[in-house]
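Chemist: fold the following.
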Amino acid sequence: MKVNLALRFMLEMSGLVAVSYWGFQSGSSFLMKAVLGIGSPFLMATIWGIFISPKAPLRGKGSGRVALELIIFGVAAFALYDAGQPTVAIMLAILAVVSSILNHLWEQHR
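Modeler: Numbering: from 1, shown residues only. Okay, the predicted model is just below:
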């Protein structure tokens, strides 16, 4: 069970890295690359902090929380796919789904 929590943390960090990578790859100018590369993970971390983290002020519960987690991980996987990393995107998506399901079933959302 603790292995899933460690995996979960690595997935969360990977999601932030994924959207940052996408941002720096996708922007058409240096300024746009910087805005997307820094702003995207900041936005994702803000949403996670407000709705999903253990001390979130508007913390979701049950299947709604799992759905939001999967949407966020889906965005990260799509960002990797769009940035030309389809294999890594698929791996992230599969691990996120499995971890989210186990997290929900084992009630590991402290």
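Chemist: quick one, strands of the chain?
Modeler: Counting by DSSP state E, the chain forms no strands at all.
Chemist: tell me where it has helices.
Modeler: Secondary structure of the chain (DSSP state H): helices at 2-26, 30-51, 62-82, 86-105.
Chemist: quick one: average pLDDT of the second one?
Modeler: Model confidence over helix 30-51, given as mean pLDDT, is 95.
Chemist: same for that helix, what does it pack against?
Modeler: If you count contacts as 3 or more Cβ pairs under 8 Å, 6 or more residues apart in numbering; DSSP states H and E, helix 30-51 packs onto helix 2-26, helix 62-82. For every residue, glycine as well, the C-beta is placed using N, CA and C.
Chemist: buried set for the first one?
Modeler: Along helix 2-26, the positions that meet the burial threshold by neighbour count (16 or more other Cβ atoms under 10 Å) are 4, 7-8, 11-12, 14-16, 18-25.
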